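Chemist: sequence-free structure coming up:
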């Protein structure tokens, strides 16, 4: 979880009178993704956040499953997902299960005519290409290449892009996305052995209170259906808030790699965790320093998890023909490892410049129709060369 933070004006005690200059009350809202039993924030609105003036059921946007079962390795060319003007239209779910959806997006335009709210899932948006500002009720988060943007479910937001050239790798999580437990003290502080600390977590800034009435369009997704909600007041009318449930940013470039004398297992790269999956960051690092070390990873069988790797930049010592934006899927139940010749080639190498995001899921991932459209045929045979 993010740690306690506050921004703007808040009353001395929670659930007490907090009045505007004209004597009327601000409207307090408790925001939490797990009822009243876990992290939460308290937000103070100029107007009640309940003033919905119209609600319309929209279209079905749930992923279309094309292949429910697989016991073969797959590779997908993520940059074959064509850019689209609209942010939501650009999002293509490619691999999904009941715990998370893996989504690729290449939006060209900023969100100006509507706001978005994912009511089912926390979102982790990894910025592969592009920059801009994430605008929320909590304030603003500037972002650029290599940033993870983590939003609790139900957060209303807009994204303003600096240019039309944007590539995003998105994980929708149906459980809260958190820092790994083993990195935290029993009181929640990130420990000394953690590959990042609180100083690396960027919190919202520049809280702008927009006091406007009118018709404000929010697209909200619920159980695969997109709903059109119309609010009578601007959703970003908060004068202050505090708590532990809010969007934050963390740069993959601030992840400090854990290395050793011999090859370290994938958990040393772990960055976030959720129910039944983890997210890892592979970053530039020195290789193992045992005189007989083999830097390339050893062959291993995924008995308990599907392994998805999203390649960002750099050279990958264990794979051939890797391109930016490529996704590989190595499902549970079948072994995988370095491509032929890559083990010997890695011996003597001192460092790697690779950059990648890995998602290990403990339940199988299913392929969507969009995944089949960008699949690289013949990947399963690449070990037989």
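Modeler: Looks like it arrived, so ask away. None of the values given here were measured: they were computed from a predicted structure.

Chemist: starting at the chain centroid, how far to the helix or strand of the chain with the lowest mean pLDDT?
Modeler: One helix or strand of the chain scores below all others by mean pLDDT, DSSP states H and E: strand 300-301, with a mean of 80. In terms of C-alpha atoms, centre = their mean, to the nearest Å, the gap separating the centre of strand 300-301 from the centre of its chain is 26 Å.

Chemist: pLDDT value on the residue most central in space within the chain, please?
Modeler: Nearest residue to the geometric centre of the chain (C-alpha atoms, centre = their mean): residue 124, 1.4 Å. Note on residue 124: pLDDT of 98.

Chemist: what residues are bridge-paired with the residue found closest to it once you drop the neighbours it is linked to in the chain?
Modeler: Distance criterion C-beta to C-beta, 6 or more residues apart in numbering; nearest residue to residue 124, sequence neighbours excluded, is residue 171 at 4.4 Å. Where C-beta positions appear, they are placed from N, C-alpha and C, glycine not excepted. Partner residues in beta bridges with residue 171, using DSSP bridges, are residue 102, residue 124.

Chemist: other residues contacting the least confident helix or strand of the chain?
Modeler: 333-337 (C-beta atoms under 8 Å, 6 or more residues apart in numbering).

Chemist: pull up the pairing partners for that strand, direction included.
Modeler: By DSSP bridges, strand 300-301 pairs with strand 335-336 (antiparallel).

Chemist: what's the spacing between the partner strand and its chain's center?
Modeler: Centre to centre, stretch against its chain (C-alpha atoms, centre = their mean), the figure for strand 335-336 is 27 Å.

Chemist: just the residues contacting that strand, thanks.
Modeler: Strand 335-336 is contacted by residues 73, 299-302, 307, 330, 383 when judged by C-beta under 8 Å, 6+ apart.

Chemist: hmm, residue 54 is touching residue 229, no?
Modeler: Yes: in this structure, residue 54 is within contact of residue 229 by C-beta atoms under 8 Å, at 7.4 Å.

Chemist: the more surrounded of these two?
Modeler: residue 229 (20 against 11; other C-beta atoms under 10 Å).

Chemist: contact partners for the more buried one?
Modeler: 52, 54-56, 117, 217-220.

Chemist: and the residues you listed as TSV, adding secondary structure and distance to residue 182?
Modeler: Shown next, in TSV, are these (DSSP: H, G, I helix; E, B strand; the rest coil; distance: C-beta to C-beta, whole Å):
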residue	secondary structure	distance to residue 182
52	strand	42
54	strand	47
55	strand	43
56	strand	45
117	strand	32
217	strand	43
218	strand	38
219	strand	37
220	strand	35
